[in-house]
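J.: Fold the following for me, if possible:
(2 chains)
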Number of protein chains: 2
Amino acid sequence: MPDLDSLLKPRSVAVIGASTQPDKVGGMPIRLLRELGYAGRIHPVHPSASEIQGLRAYPTLAAIGEAVDLAIVAVPALAAESVMAQLAQNGTRAAIFFTSGFAEVGEEGLAMQQVLAASARRHGVALLGPNCLGAMNLRERMFATFSPIPLTGVPPAGDVGLVSQSGAFGAYAFALAREAGLGLSHWVTTGNEAGLQVADVIGWMAQDDDTRVILAYMEGCRDGARLRHALAAARAAGKPVVIAKVGTTEAGARSAQSHTASLAGEDAVYQAVFDEYGVHRAHTLEDFFRLGYTLSRGRRPARWHSPSGLMADAVAPVAIVTVSGGVGIMMADRAEQLGLPMPPMPAAAAQALRASIPFASTANPIDVTGQVVAQPAVLFEAMARVATCGEYGSVVAFLAGGANAPRLWAELQHTIGALHEDRHAAPLLLSGIVDDDKRAWLEAHGCLVFREPAHAIEAVAALARAAALDATAASAPAGAAASLAAFLPTVPDNAGALSEFDAMRLLADAGVPVAPHGLARDADEAVSLARRIGYPVAVKLCSAQVLHKSDVGGVALNLGDEAAVRAAFSAMQAALARAGASLPFEGVLVARMVRGWGELMVGVRRDPVFGLVALAGIGGTAVEIFRQVAFGLAPLSPARARAMLEQSRAAVLFEAHRGNPALPLAQAADLLARVSQVAAALGPRLDTLEINPFIIGADGPVAADAVITWLPAQAPD
Amino acid sequence: MPDLDSLLKPRSVAVIGASTQPDKVGGMPIRLLRELGYAGRIHPVHPSASEIQGLRAYPTLAAIGEAVDLAIVAVPALAAESVMAQLAQNGTRAAIFFTSGFAEVGEEGLAMQQVLAASARRHGVALLGPNCLGAMNLRERMFATFSPIPLTGVPPAGDVGLVSQSGAFGAYAFALAREAGLGLSHWVTTGNEAGLQVADVIGWMAQDDDTRVILAYMEGCRDGARLRHALAAARAAGKPVVIAKVGTTEAGARSAQSHTASLAGEDAVYQAVFDEYGVHRAHTLEDFFRLGYTLSRGRRPARWHSPSGLMADAVAPVAIVTVSGGVGIMMADRAEQLGLPMPPMPAAAAQALRASIPFASTANPIDVTGQVVAQPAVLFEAMARVATCGEYGSVVAFLAGGANAPRLWAELQHTIGALHEDRHAAPLLLSGIVDDDKRAWLEAHGCLVFREPAHAIEAVAALARAAALDATAASAPAGAAASLAAFLPTVPDNAGALSEFDAMRLLADAGVPVAPHGLARDADEAVSLARRIGYPVAVKLCSAQVLHKSDVGGVALNLGDEAAVRAAFSAMQAALARAGASLPFEGVLVARMVRGWGELMVGVRRDPVFGLVALAGIGGTAVEIFRQVAFGLAPLSPARARAMLEQSRAAVLFEAHRGNPALPLAQAADLLARVSQVAAALGPRLDTLEINPFIIGADGPVAADAVITWLPAQAPD
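T.: Predicted coordinates:
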């Protein structure tokens, strides 16, 4: 992980290409640093001027006479390379290149950018940009940008770090943060990412003491390992990461590709990466900031002890207290969508509330009804009771305009103040119309406020998720089981795939249940195999060269007798000839027709950016039509595998229904994890491993098919 | 549709149960009417006081000496009935009952409420409430509520009518409208709905000249026909309706049921009703208001002439102009999710833009890049070009903080002003940070402004939808085809279902393709039928008494020869005996096993609130697991049937894939509409009609099964 201290906490800054005009690209950073109170040394570098904006200017970096920490570079693209040489000579460790005219303008620019990047790497310079809007450290008033936006005001210094690939997005985000009073630690735009990427900034912020929540905007990621490493670091540090990754739809991805040189990639794979590290995903700017506000200022539910002792209660439950039944229902709808449990009020507390308001609903939402107008004390009593009864992880109270009513405010303050001091009380969030000064008081007492009731529920869900992540250690990668090593195949350089027989054998050796099968080289052997296995059987052409067997007539299913097997054997030989394969006939696979009541499709593919990705879903046409396939980074932990079976709805096939018995889902999850481990153990040549169908019957899932393909062998780099 | 003029535009108001204390329930409306400038006559009614809040008070309604238009009633529940008698005697046509203690408190209250409702009906009094917060006419300053909220300010009078079942929701909505400056025409809360329902208010607002957009909050609807009638009236009047219907999830519906006596109903059926009439649905308070703002103030895209002339282009396309590539991608993602077409900029306009900014993207999003900082004129040129090129129905421009930059504002005003005058220019919406005064100017010039870029796209989608509704005449109910009448069965009073044979024959007579089949009373007949139909066949027990045939072993599939058919026949006789049916053995249905590559499930059910509802989806386990079934009000128009096939993804089965040919979707839609017409023609006894599976093969969909069940006959009411 690159050390960005020189970039984001520089003691001295040189501006190369400094302008005497304070509003030009090379003048603005000097103006901002001076006017807004940067305490470090500022050195303009200009070929001829001896003074710029009242500061002594130097003809070259070397003339400054000290190794500056950070160089801001605003020179034409063609001069960039010579600047890099100066930086190296001067021992400058970080540089921000505002300069455009690189990869974003085409092939020629890309080539220049590659030269610049190589040069930065060689000289050990942390390179931000080119074609970026710069960076800021809000606490140190370090404004290394040519955007004039800080001149009209800056957000307070705070604990939210913001990094954006796009400069314009970053500037708008800055303005919105300023308007919302969201406290920022750092603001960084990465532009063309010739050197530093969004991932590097996330990784650095994960270690930075001033940053507690990380907001990142990205269009794509070129280096999956780097991003995973950074997200793992943030997770290990307990710092929530919120990512707005755009280009989620086809149209969006298309424009993302035309907009920059970034790889938009398959959104589901990004989602799998985000799920792996507990990243909070934002789909709008509003979500992005609201999540930042929530995670920075909100209190997470205490680690919650499930009364039932079951892990299924791992999400801390929420109590909804409302002065409006209708709004309560709206909030309950949202809570259910987000999977937040809403158990009813415990009996004692419920009884006490009903003693005050006979028609109050204590089922949760806890509706104190319009009666609260006459008896406001009851509302506060209800809030305090639910927050302290031990049943709930969080409490959301909808007060409508109540907080602003003078006769209620004092009582509300009293209640919130007391709960804030009680470390056993569940965190309280409010929804309603609240004046700014009251809102500030409430926030200072641990109580977030949302105008929109649904947003309060979403905040609870985000905080509960952050708390659950804290509670579970980052799942260690499952790793390839050592026991697999013994029977892994050596892959010939020219191989494109394993034959189905070899693939089935490999899976069986690794402990994956496969349909009883064997390899038959002649018709007699096929018949005797079928007899041993039991009819009906499938007969399939076995060749590492023919991947799509059914396309050439290489698959015969449901064969019920010897004659059918013999006929199929001949047909397979003819099919191989038709396919024009150059290898000799290896034989046919004879396998039992497995019966079941459902089909899974499971597989592992190599993603060009993120490496091995596992997928699972319900097989057959359902996969094609509903596309409800879940993705996860391989190798999978059993917990993640289980989550994928649930997310793709495949878990339903393991429930008892229509006379079929229930099967243990945990066993299926273990199997899916096992398949992903096999794929990982097969090493860097593995391209895809697919089992489709994985038939679910009385004996659990059984692989009825297996495909393993290899990437072309590459000369060592 | 009740006439609510007396309620919402009264020339005189009596307050029965008037209080001398202005802040009591019976005092507040007098205070509000007087202080806030109601111009009509106000008559307090009080048993003893001769003056209340400076107004002459009367001991009874009769003592007033005129027939007042509206009575506000704030007396205890037990006195309500005697008040109703006074109203009748006085000729008062409308009454608002604030009084609680009716249906919301249990059985006894419900009985009292029913008496009150019957009395109001008998006397022709439009009854609002009881247990409601009242009503307001903002233009006439008529504040008939006991909520003190108008004392702290009221929203401007405008063209948005707001009706809420819940008083607390209504009050909060009032406060939010006030804060957002959203202009309201009327504000009505319906409470327990003993008389007037949300539907009645929607229906009246549909005719009201002061209302152009209707916002409604509801927890449930007891009278489906009334709601449909009101929504049809609003649609016919071209007034968009936005509904927040809560209780969409199980948890929400549960609390909706416990909160009021309302029937939460099945959310999918509500959605079908809303789809039928083009209702805009809001799931949060923010959506609710944003849709109100958008539809009240926004300009709908002009009726758009598709360059291709195809109906598929019926949604007016949108152009996205952006100063930030990243935000542009975010907006494109949202537009694609909402089904908004985004064609690229026409060649001439694109060329002109690239002449000014070589690296601008003209693909749409049209990205003018950061270059706009140096050349702002280019941005305005791009906006004007796309708005006037004729390619787009709407234009969204993301300006970040640009509108607030002094040197850009004048130019922006110039551009917006010119486009506003050009009636051929597409409406323009902005996203960015804009000061309040500038925002007001922009809105006055037809230009909505949204801070959140995604919201601007959502606004375009809502306006495009409203425009599309205007363009298509409200689809006339398809009606039962007259030709069906000839062969409809007469339903015996004691019948619970048709036999499958009768159901299949009915469908076949009505022109629905069914599997070749016949009824066999003995084994020989079954064999000869099977031979005529062609093997393989299915043999099924035929009895109107045995609905779930497979549960008793009454179904044998895939029978390949005579022996199998004879064995199945015997098995069916045994199955009937096992089922314990009292009717004699009718025979077995022998039907060809239809082959195909997919299964539909289509049906019609009677919903207790809304009547016949058709459903369609992909059959088999997909229905159970993915629950992607689309609903529509029956009888369906072919267009609606087609939309249902698309919405449920069943349309995919009609596309060419895996060697199966494409089938005309229009034909399938016609068939689905036909099935719904058959169900409607079967009259009020029909409970369900289901075809599952409807097998899709080379000859189009063929019904392989049919179930028709009847409701119990009822004595005429």
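J.: need the strands for the stretch 201-350 of chain A, in chain order.
T.: Taking DSSP state E, counting those that start in this stretch as the test, the strands found in the stretch 201-350 of chain A are A:213-218, A:241-245, A:280-281, A:318-322.
J.: Check the stretch 601-717 of chain A too.
T.: A:611-618, A:630-633, A:686-697, A:700-703, A:707-710.
J.: Chain B is nearest to which of those strands?
T.: Between chain B and the strands of the stretch 601-717 of chain A, the shortest separation by CB to the nearest CB is 6.5 Å, and it involves strand A:611-618. To be clear about C-beta, it is placed using only N, CA and C from the backbone, and glycine gets the same treatment.
J.: ok, residues contacting the closest one?
T.: A:224-225, A:269, A:272, A:598-607, A:623, A:626, A:628-636, A:641, A:644-645, A:648-650, A:653, A:672, A:675-676, A:679-680, A:686, B:625 (CB atoms under 8 Å, 6 or more residues apart in numbering or on different chains).
J.: hmm, which of those residues are the buried ones?
T.: For these, a burial check counting by 16 or more other CB atoms under 10 Å in any protein chain shown picks out A:224, A:269, A:272, A:598-607, A:623, A:626, A:628-636, A:641, A:644-645, A:648-650, A:653, A:672, A:675-676, A:679-680, A:686, B:625.
J.: Quick one: end-to-end distance for stretch A:697-708.
T.: End-to-end distance for stretch A:697-708: 24 Å, by CA to CA, to the nearest Å.
J.: Other residues contacting it?
T.: If you take CB under 8 Å, 6+ apart as the criterion, stretch A:697-708 is touched by A:497-498, A:500, A:502-504, A:506-507, A:512-515, A:538, A:547, A:591, A:594-597, A:600, A:660-661, A:663-664, A:667-668, A:671, A:682, A:686, A:688-695.
J.: change it to 6 Å
T.: Counting by CB atoms under 6 Å, 6 or more residues apart in numbering or on different chains, stretch A:697-708 makes contact with A:498, A:500, A:503-504, A:507, A:512-515, A:594-596, A:663, A:667-668, A:671, A:689-695, all of which sit outside it.
J.: ok, now how distant is the closest residue to residue A:676 other than its chain neighbours from residue A:668?
T.: Once flanking residues are discounted, residue A:676 sits nearest to residue A:634: 4.0 Å by CB to CB, 6 or more residues apart in numbering or on different chains. Distance check for residue A:634 against residue A:668: by CB to CB, to the nearest Å, it reads 16 Å.
J.: re the thing from before, so what's the residue nearest to residue A:676 up against?
T.: Applying CB under 6 Å, 6+ apart, we find residue A:634 in contact with A:604, A:612, A:614, A:676, A:679-680.
J.: Just name the closest of these to residue B:446, please.
T.: Nearest to residue B:446 out of those is residue A:614 (CB to CB; 51.8 Å).
J.: Just the CA atoms of stretch A:214-228, as PDB, please.
T.: What follows is the C-alpha trace of stretch A:214-228 in PDB, where atoms were taken according to Å, rounded to 0.1, in the frame of the first residue of the first chain:
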ATOM      1  CA  ILE A 214     -14.500   6.300   3.700                       C
ATOM      2  CA  LEU A 215     -16.600   7.500   0.700                       C
ATOM      3  CA  ALA A 216     -15.400   6.400  -2.700                       C
ATOM      4  CA  TYR A 217     -16.700   7.100  -6.200                       C
ATOM      5  CA  MET A 218     -15.500   4.900  -9.000                       C
ATOM      6  CA  GLU A 219     -16.300   4.100 -12.600                       C
ATOM      7  CA  GLY A 220     -14.200   1.000 -12.800                       C
ATOM      8  CA  CYS A 221     -11.200  -0.800 -11.300                       C
ATOM      9  CA  ARG A 222      -8.200  -2.000 -13.300                       C
ATOM     10  CA  ASP A 223      -6.400  -3.800 -10.400                       C
ATOM     11  CA  GLY A 224      -8.800  -6.100  -8.500                       C
ATOM     12  CA  ALA A 225      -6.200  -7.300  -6.100                       C
ATOM     13  CA  ARG A 226      -5.300  -3.800  -5.100                       C
ATOM     14  CA  LEU A 227      -9.000  -2.900  -4.400                       C
ATOM     15  CA  ARG A 228      -9.500  -6.100  -2.400                       C
END
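J.: how about it: buried residues?
T.: By neighbour count with 16+ other CB under 10 Å, stretch A:214-228 contains the buried residues A:214-221, A:224, A:226-228.
J.: Now the two most distant members of those residues.
T.: Distances among those were taken as CB to CB; the most separated pair is A:215 and A:224, at 20.5 Å.
J.: all helices in the stretch 551-700 of chain A, in order from the N-terminus.
T.: Taking DSSP state H, counting those that start in this stretch to define them, one finds helices in the stretch 551-700 of chain A at A:562-579, A:621-626, A:638-647, A:665-681.
J.: other SSEs contacting the longest one?
T.: Read that as helix A:562-579. Other elements packing on helix A:562-579 under the criterion 3 or more CB pairs under 6 Å, 6 or more residues apart in numbering or on different chains; DSSP states H and E are helix A:523-533, strand A:537-541, strand A:555-559.
J.: try 10 Å
T.: Using 3 or more CB pairs under 10 Å, 6 or more residues apart in numbering or on different chains; DSSP states H and E as the contact criterion, the secondary-structure elements in contact with helix A:562-579 are strand A:517-520, helix A:523-533, strand A:537-541, strand A:555-559, strand A:588-592.
J.: Next: the third one.
T.: Using 3+ CB pairs under 10 Å, 6+ apart, the elements in contact with helix A:638-647 are helix A:267-277, strand A:598-607, strand A:611-618, strand A:630-633, helix A:665-681.
J.: now for the longest one, which elements pack on it?
T.: Helices and strands touching helix A:665-681, by 3+ CB pairs under 10 Å, 6+ apart, are helix A:500-509, strand A:598-607, strand A:611-618, strand A:630-633, helix A:638-647, strand A:686-697, strand A:700-703.
J.: mind saving the C-alpha coords of the one helix or strand residue A:111 maps to as CSV?
T.: In the assignment (DSSP states H and E), residue A:111 maps to helix A:107-123. Included here for helix A:107-123 are C-alpha records, laid out as CSV according to Å, rounded to 0.1, in the frame of the first residue of the first chain:
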residue,chain,number,x,y,z
GLU,A,107,-3.8,6.3,-28.2
GLU,A,108,-1.0,8.9,-28.4
GLY,A,109,-2.0,10.4,-25.0
LEU,A,110,-2.2,6.9,-23.5
ALA,A,111,1.4,6.2,-24.6
MET,A,112,2.6,9.4,-23.0
GLN,A,113,0.8,8.5,-19.9
GLN,A,114,2.4,5.1,-19.7
VAL,A,115,5.8,6.7,-20.0
LEU,A,116,4.9,9.1,-17.2
ALA,A,117,3.6,6.3,-15.0
ALA,A,118,6.7,4.2,-15.6
SER,A,119,8.9,7.1,-14.7
ALA,A,120,7.0,7.8,-11.5
ARG,A,121,7.3,4.1,-10.5
ARG,A,122,11.0,4.1,-11.2
HIS,A,123,11.6,7.2,-9.1
